[in-house]
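Peer 1: After the sequence you'll find the predicted model.
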Amino acid sequence: MASAPSKLYQDDVSLVVALLDTNPFFWAAASLPFSEFLHHVIPFINSLLLLNQLNRVVLIATGTSSCGYIFDSGDGNASGNSNAVCSGIIKKLEDFVGKDSKIGKGSNGDGTRPAISSLLSGSLSLALCYIQRIFRSGTRHPQPRILCLQGSPDGPEQYVAVMNSIFSAQRLMIPIDSCIVGAQHSAFLQQASYITGGVYLKPQQLDGLFQFLAAVFATDLHSRNFLRLPKPAGVDLRASCFCHKKTIDMGYVCSVCLSIFCKYHKKCSTCGSEFNQVAPDSTIPDQKH
Amino acid sequence: MAVISVATRYKTTVKEPGVPGVLKMNEERFVFVPNDPRSLMKLNVEFKNIKGHKFSKDGSKQALLNLTQDPEKGTGYIFEFDNFTDRNSCRDFVGRVLGKLQSVPGRPNEQSVPEKSAGAPLPEQLSAIEMERRIKLLREDSELLRLHKQFVLSGVLTESEFWATRKTLLGEDTTRMTKQRPGFKSAMLADVRPSADGRTNKVTFSLTPEIIQQIFAEKPAVHRAFLNLVPSKMSEKDFWTKYCRAEYLNRTRNAVVAAAEAAEDEELAVFLKHDDILANEARRKIRRVDPTLDMEADEGDDYIHLPDHGILRDAQKDTAETETEVSRRTLSQDLNRHAAVVLEGRALDVELGDTRTVAEALAWSKQELLSKEKSEENVNLEKQEKVARMTELEDLQAPRNPQYASLCIKDPREYFDSQQANALRALGGTEFGTNSLDLNLSKEEVYRHLKEQISEAKSRGLRNPIIRPDTALKVFSGLSQHLSSTRFQLGKNSQESALDRIPHRTKDDLMHHWTSIQELLRHFWSSYPITTAGLYNKVQRVKDAMGQIYQKLQEIKESSQSDFRHQVSLLVQPMLQALDAAFAHYDSEQQKRTAKSGAKPNGFVR
């Protein structure tokens, strides 16, 4: 799917916003250590910048309680030297992780269960806002796309926010590519790539991650019309219910705002409309919500 | 059994005079016996051989009824009747019989069928409009036509059943037939001309209700006078007499006489004065003119009411100036007023009968219009606003800084429950990573670990080479294999559906079968529970047709090429399942019925 045409620019200039998953709970137990991961990703970013002089790359880190910009190649300060880029990124990452841990400490006490999913919705929103700013900056802009490097599992409590971001990306015609470095597939990202026309890939060999990234995700949007890129066999399009956040196949839908519930409710919690009709089966309406 | 016998003439073509005789019809056959016993034109035909009947229109030269055997060639038995009533009764009878015959093609012979005395349903008496609508629908929708041909003409479904589910399609037509309301004639009827009788001194005015309505519409002062004076002060006839006198006086250019009479008779004066209602209306309209369109609209632009260049009616030229109130209407005034009224359209639908009711209805509709108009102040305010807006010159404005909309972040708890506890409970038990997650790791430990990793990366710097060549080769070969295998299964375009990939003919066949199955299944399932013999017959017919389609689907599945076999079978599968469900239901119902009826005979239960 072609993205919004960039006026007066060459066809193959791209703006890649890469979302790095920095969830420490995931990386603590991942098969690929985080340093190795960085050793694949940072050269990949450098190679993106090498492909075209006008290419731009933005890195956003996805933490557990916050997200932040790590690197922006369009910045005046960033020099072209790859070592400088590398060290710059690493330094910023350190700062970000430090901040994230502090924020995380403030909100939850030590006794509660730790969060095991990262804030995908937050980083998607950050990416979309950045791209929107680029759109409004003038007539000449590269073709943007979003690359998600995700490892943590999906947090069902973020379902609504993630879906909203996906639909915004669809409307702006921004493809969302996803590369899963974790163990299981991510339903959110499958849907994201399917709806926006991006590429979804879960590499089998993580030690060849750089090669996967360079072969599949480095190409700009115009060239993708001529290339054949891997497609997933099927897309898990299940939704999660709004009351318990568990994925469901069959449920109840509010006729006003289309929110999904797994059990019969008397009143919709999103839009507040009341359901006056009697439930078809004899279950007692859930009074908790 | 009903029997009809009528004296008719039998002929083989329309032109010949025909053989006179008597035609007797009953439910199975018709018999024609000529009057002349020597003639050989005896007929004894069963209705089973008659496919249809045609007849000439009521009121044409001959009252003909043609019982056709072969609908395409048109050969049949033509009977000419003496009058149309006879012909119509015969025609209706034939129609009924044929309808009965055609709706029950295969009556089953089993006694276990519960037979109601009502028998087969009578065919509907279709009106001509209904037939037209159906034909029109069939013409417009080729899909419908195909379904119709497939099922109704082959006898699986009857006309009435086919159209029973499509009432909404037929019903739409009625809304299109709302009548157009005719407006006023553009001829100026309100300009009543007398006819003068050359011999006597009488002058005759003729007023029809149509003319009266136009007079009321064009001259609101007259309308008001009518409402006020009739029937309280004078009768209608007197009113119109006065009106006509006023018209006559206007025409005779005799201003002095007119003035004199006006002075005497108040009511007459009304007709001779300027129409003040018109004047008010015109003034109000001018005040409402949008100043951005016409800045200098003022009373001089009143073309309807004020005298213009002075070309009077009947090509007169008025040189003398009159000080009286008698108005002299100019040609352009009349024309403009009439044109305005015609363009406004006919506000009433009242039948032109009683003048009084017409007048009242007109007054009432005018009042409604007035009440809908906004008050003067509102109009003025709007005008001023609009003037202010339009007189701004954009290039002379100062550049406005882009305004920022303030960001409003609502409390997420208001629009969706972010119940972390519930979510985590639901998620409990998920593991990630190939190593098992040690849940006892506290947050600090985990963050510390991550920071260690980052500093290690910093110290080591980027590796050279970034990736080992054999790993890279493995990745490449894996990717290309994956791509070539998926291409085979999924096709080039991810947005393509399974239907687009199979060859066109198969696709068309499958779509066609799908619509046929839908139609048949709808009729099948709606006939249960079976209560009459008619429904039973219908179910039989429908089931046979479904069986045929089932066969065809199996053939398609087997004959498709190996490339597409999987997709085709995926597409065919739901259709076969639906048909299987229908057959299973049918069989179970049959069993129930035979089991039930097995206990019936002689009342003994063995």
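Peer 2: Now that the structure is in, tell me what you want to look at.
Peer 1: what's around residue B:131, how many residues?
Peer 2: By the criterion of other Cβ atoms under 10 Å in any protein chain shown, residue B:131 has 11 neighbours. Any C-beta I mention is one placed from the backbone N, CA and C, and that applies to glycine too.
Peer 1: Actually, residue B:456.
Peer 2: Around residue B:456 there are 14 residues (other Cβ under 10 Å).
Peer 1: Tell me which residues touch it, please.
Peer 2: Counting by Cβ atoms under 8 Å, 6 or more residues apart in numbering or on different chains, residue B:456 makes contact with residue A:35.
Peer 1: Give the buried residues for the strand or helix carrying it.
Peer 2: In this assignment (DSSP states H and E), residue B:456 forms part of helix B:443-460. Residues B:443, B:446, B:447, B:448, B:449, B:450, B:451, B:453, B:454, B:457, B:458 are the ones in helix B:443-460 that count as buried (16 or more other Cβ atoms under 10 Å in any protein chain shown).
Peer 1: mean confidence score for that helix?
Peer 2: What helix B:443-460 shows for mean pLDDT is 85.
Peer 1: Can you name the next helix or strand after that helix?
Peer 2: helix B:469-490.
Peer 1: And the contacts of that following helix?
Peer 2: A:203-205, A:207-208, A:211-212, A:215-216, A:228-231, A:233.
Peer 1: got the residue ranges for the helices in chain A?
Peer 2: Using DSSP state H, the helices of chain A run over A:24-29, A:34-51, A:82-107, A:120-136, A:159-172, A:187-196, A:209-212.
Peer 1: returning to that earlier point: okay, the angle between the helix holding residue B:456 and helix A:82-107?
Peer 2: Here helix B:443-460 points in a direction 170 degrees away from that of helix A:82-107 (axes from the mean of the first three to the mean of the last three Cα atoms, to 10 degrees).
Peer 1: rewinding a little: lowest average pLDDT across the helices of chain A?
Peer 2: helix A:82-107 (a mean of 83).
Peer 1: angle of that helix against helix A:34-51?
Peer 2: 130 degrees.
Peer 1: Can you name the residue of the stretch 251-400 of chain B nearest to chain A?
Peer 2: residue B:400 (16.6 Å; Cβ to the nearest Cβ).
Peer 1: got the contact list for that residue?
Peer 2: By Cβ under 8 Å, 6+ apart, residue B:400 has no neighbours at all.
Peer 1: Please verify my assumption that residue B:203 contacts residue B:196.
Peer 2: Yes: using Cβ atoms under 8 Å, residue B:203 makes contact with residue B:196 at a distance of 5.3 Å.
Peer 1: Which one's more surrounded, those two?
Peer 2: When neighbours are counted by other Cβ under 10 Å, residue B:203 and residue B:196 differ, and residue B:203 comes out ahead with 15 against 11.
Peer 1: what pLDDT does residue 139 get?
Peer 2: Just so you know, I chose chain A. Reading off the model, residue A:139 has pLDDT 69.
Peer 1: actually it's chain B I care about, not the one you picked
Peer 2: pLDDT, read off for residue B:139, is 79.
Peer 1: Residue B:309 too?
Peer 2: Reported pLDDT for residue B:309: 57.
Peer 1: do the same with the one 5 residues further on
Peer 2: Turning to residue B:314, the model gives it a pLDDT of 55.
Peer 1: Tabulate the helices of chain A (CSV), appending distance to residue B:226 and mean neighbour count.
Peer 2: Putting the helices of chain A into CSV (distance: least, Cβ to Cβ, whole Å; neighbours: other Cβ atoms under 10 Å in any protein chain shown) gives the following:
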stretch, distance to residue B:226, mean neighbour count
helix A:24-29, 92, 24
helix A:34-51, 89, 20
helix A:82-107, 85, 17
helix A:120-136, 69, 19
helix A:159-172, 65, 18
helix A:187-196, 72, 22
helix A:209-212, 93, 24
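Peer 1: okay, those helices in CSV with distance to chain B next?
Peer 2: Listed next are those as CSV, based on distance: least, Cβ to the nearest Cβ, whole Å:
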stretch, distance to chain B
helix A:24-29, 4
helix A:34-51, 4
helix A:82-107, 4
helix A:120-136, 10
helix A:159-172, 5
helix A:187-196, 8
helix A:209-212, 4
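Peer 1: Which one, of these, ends up nearest to residue A:262?
Peer 2: helix A:159-172 (12.7 Å; Cβ to Cβ).
Peer 1: now the angle from that closest one to helix A:187-196?
Peer 2: Using the same axes, to 10 degrees: helix A:159-172 against helix A:187-196 is 20 degrees.
Peer 1: what about dumping the CA coordinates of helix A:159-172 to CSV?
Peer 2: Taking C-alpha atoms only, helix A:159-172 is exported to CSV below (Å, rounded to 0.1, in the frame of the first residue of the first chain):
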residue,chain,number,x,y,z
TYR,A,159,-6.2,-2.7,23.4
VAL,A,160,-8.4,0.3,22.9
ALA,A,161,-5.5,2.7,22.7
VAL,A,162,-3.5,0.6,20.4
MET,A,163,-6.5,0.1,18.1
ASN,A,164,-7.1,3.8,18.0
SER,A,165,-3.5,4.4,17.0
ILE,A,166,-3.7,1.8,14.4
PHE,A,167,-6.8,3.4,12.9
SER,A,168,-5.1,6.8,12.9
ALA,A,169,-2.1,5.3,11.1
GLN,A,170,-4.4,3.8,8.6
ARG,A,171,-6.1,7.0,7.9
LEU,A,172,-2.8,8.8,7.5
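Peer 1: Can you name every helix or strand that it contacts?
Peer 2: helix A:120-136, helix A:187-196 (3 or more Cβ pairs under 8 Å, 6 or more residues apart in numbering or on different chains; DSSP states H and E).
Peer 1: Name the residues that touch the first one?
Peer 2: In this case it means helix A:120-136. By Cβ under 8 Å, 6+ apart, helix A:120-136 touches A:4, A:15, A:17, A:19, A:58, A:60-62, A:66-67, A:69, A:141-142, A:144, A:146, A:148, A:150, A:154-155, A:158, A:161-162, A:164-166, A:168-169, A:172, A:174, A:176, A:188-189.
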